[in-house]
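In: I would like the atomic coordinates for the input below:
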Amino acid sequence: MSLGVVLEARSSLPQVPLRTTSRSSSVDAVWDQLRSEAEAALIEEPLYAGIIQATVLDQRSIAQAFAYRLAHRLGDGDLSRLAMRDLCLSAFEADPHASTHAVRDLVAIRERDPTCRRYLDPFLFYKGLAALEGYRVAHWLWHQGRATLALHVQSRISEVFGADIHPAARIGSGVFIDHATGVVIGETTVIADDVSILQSVTLGGNGKESGDRHPKIARGVLLSVGAKVLGNIRVGEGAKVAAAAVVLSDVPPHTTVAGVPARVVSKLPVGESPALSMDQSFGYGDGI
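Out: Okay, the predicted model is just below:
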């Protein structure tokens, strides 16, 4: 998807495959696989059987399972787990694309994280997935005019998962937030499909201006550890932002930028997608 398309309303984002893969990314196929993994895990770890049974096997759909798991982790004294579950389920059921987005996010982890053995692990435990799906609930609330609850969910995501994602930000699907700790995504940020974001990344403003003031991240971009992209600037399709880079101006498509301030250090093949390969090298000049 072009960056121009992603600037349209989130509901207009076309759903496209992550890449050619042996794993099916359909909602039904992933849900069936998740249930199969849950059944195997009951035998593998009996002490955790109650959580697995309640979270996955007792649910009738992947939307219900996500709602239950999010509620279990985000519910607190201000908003009970039961109320949070109803809220999350309402958000998933109101958006016809919600389950597809969640499944593409889950498949993205399975495809890009070498530590991920199965769908069940990120579904139960990965902070990045939970923060992203929690954001999707907050985003729905924001556009329903329920800003107070949206900001409550944002706050809980920050407290529990260490990631601060404004509910007004627009994020596509097939997005991988690795580790999540220290990730900050500002109010007018737009992130296209199939982007990978590592820990401590900031997509922030530059100064005190109001209005559209945050980055626009195109498809296939890799934002490496600690990268800072500041201001209403564009990171072009298939670009790579190196670890600890500070980006203050537009990044051309299919380039690697590094340094403070960030500069182009290499060009990438047009067909390459750094977000999928997770290759964080510069192409040349990688140091020792």
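In: Correct me if wrong: residue 268 contacts residue 236.
Out: No - with contact defined as C-beta atoms under 8 Å, residue 268 and residue 236 do not form a contacting pair (10.5 Å). Any C-beta I mention is one placed from the backbone N, CA and C, and that applies to glycine too.
In: Common neighbours of the two, please.
Out: Here residue 268 and residue 236 have 254-255 as joint contacts, going by C-beta atoms under 8 Å, 6 or more residues apart in numbering.
In: Quick check: residue 226 touching residue 246?
Out: No - using C-beta under 8 Å, residue 226 is not in contact with residue 246; the gap is 9.5 Å.
In: joint contacts of the two?
Out: Counting by C-beta under 8 Å, 6+ apart, no residue touches both residue 226 and residue 246.
In: Count the residues that sit near the nearest residue to residue 162 once chain neighbours are set aside.
Out: Nearest residue to residue 162, sequence neighbours excluded (C-beta to C-beta, 6 or more residues apart in numbering): residue 181, at 4.3 Å. The number of residues packed near residue 181 is 15, by other C-beta atoms under 10 Å.
In: Check residue 189 too.
Out: When neighbours are counted by other C-beta under 10 Å, residue 189 registers 24.
In: measure it to residue 135 for me?
Out: 11 Å (C-beta to C-beta, to the nearest Å).
In: Overlap in contacts, those two.
Out: Contacts common to residue 189 and residue 135, judged by C-beta under 8 Å, 6+ apart, are 169, 171.
In: any idea how far the residue nearest to residue 162 is from residue 52?
Out: Separation of residue 181 from residue 52 (C-beta to C-beta) stands at 25 Å.
In: Could you do residue 78 as well?
Out: 28 Å.
In: hang on, isn't residue 254 packed against residue 221?
Out: No - judged on C-beta under 8 Å, residue 254 makes no contact with residue 221 at a distance of 10.2 Å.
In: any chance you could map the helices in the chain?
Out: Ranges of helices in the chain, per DSSP state H, are 3-6, 27-44, 49-52, 62-74, 81-94, 98-112, 120-125, 127-143, 147-161, 274-277.
In: Can you lay out those helices as a markdown table showing mean pLDDT and mean neighbour count?
Out: As requested, these are exported to a markdown table (pLDDT from 0 to 100; neighbours: other C-beta atoms under 10 Å):
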| stretch | mean pLDDT | mean neighbour count |
| --- | --- | --- |
| helix 3-6 | 38 | 16 |
| helix 27-44 | 96 | 16 |
| helix 49-52 | 96 | 15 |
| helix 62-74 | 97 | 22 |
| helix 81-94 | 96 | 18 |
| helix 98-112 | 97 | 22 |
| helix 120-125 | 98 | 20 |
| helix 127-143 | 98 | 24 |
| helix 147-161 | 98 | 19 |
| helix 274-277 | 96 | 22 |
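In: So for residue 171, which of those sits nearest?
Out: Ranking the helices of the chain by proximity to residue 171 (C-beta to C-beta) places helix 127-143 first, at 6.7 Å.
In: Quick check on residue 205: phi, psi?
Out: Here is the backbone geometry of residue 205 (degrees, to the nearest 10): phi -80, psi 180.
In: Compute the number of surrounding residues for it.
Out: Count around residue 205 with other C-beta under 10 Å applied: 20.
In: Does it touch residue 214 like I think?
Out: Yes - using C-beta under 8 Å, residue 205 makes contact with residue 214 at a distance of 5.8 Å.
In: Now do the shared contacts for those two.
Out: Residues touching both residue 205 and residue 214 (C-beta under 8 Å, 6+ apart): 186, 231.
In: separation between residue 163 and residue 273?
Out: For residue 163, the distance to residue 273 equals 23 Å [C-beta to C-beta].
In: So between the two, which is more surrounded?
Out: More crowded of residue 163 and residue 273, by other C-beta under 10 Å: residue 163, with 26 against 23.
In: hang on, isn't the more buried one packed against residue 127?
Out: Yes - between residue 163 and residue 127 there is a contact under C-beta under 8 Å: 7.0 Å.
In: residues in contact with residue 135?
Out: For residue 135, the contact set (C-beta under 8 Å, 6+ apart) comprises 154, 157, 165, 167, 169, 171, 185.
In: Residue 254 and residue 221: which has the busier surroundings?
Out: Set side by side, residue 254 and residue 221 show more neighbours around residue 221, with 26 against 20, by other C-beta under 10 Å.
In: Quick check: the more buried one touching residue 238?
Out: Yes - Residue 221 is within contact range of residue 238, at 7.0 Å (criterion: C-beta under 8 Å).
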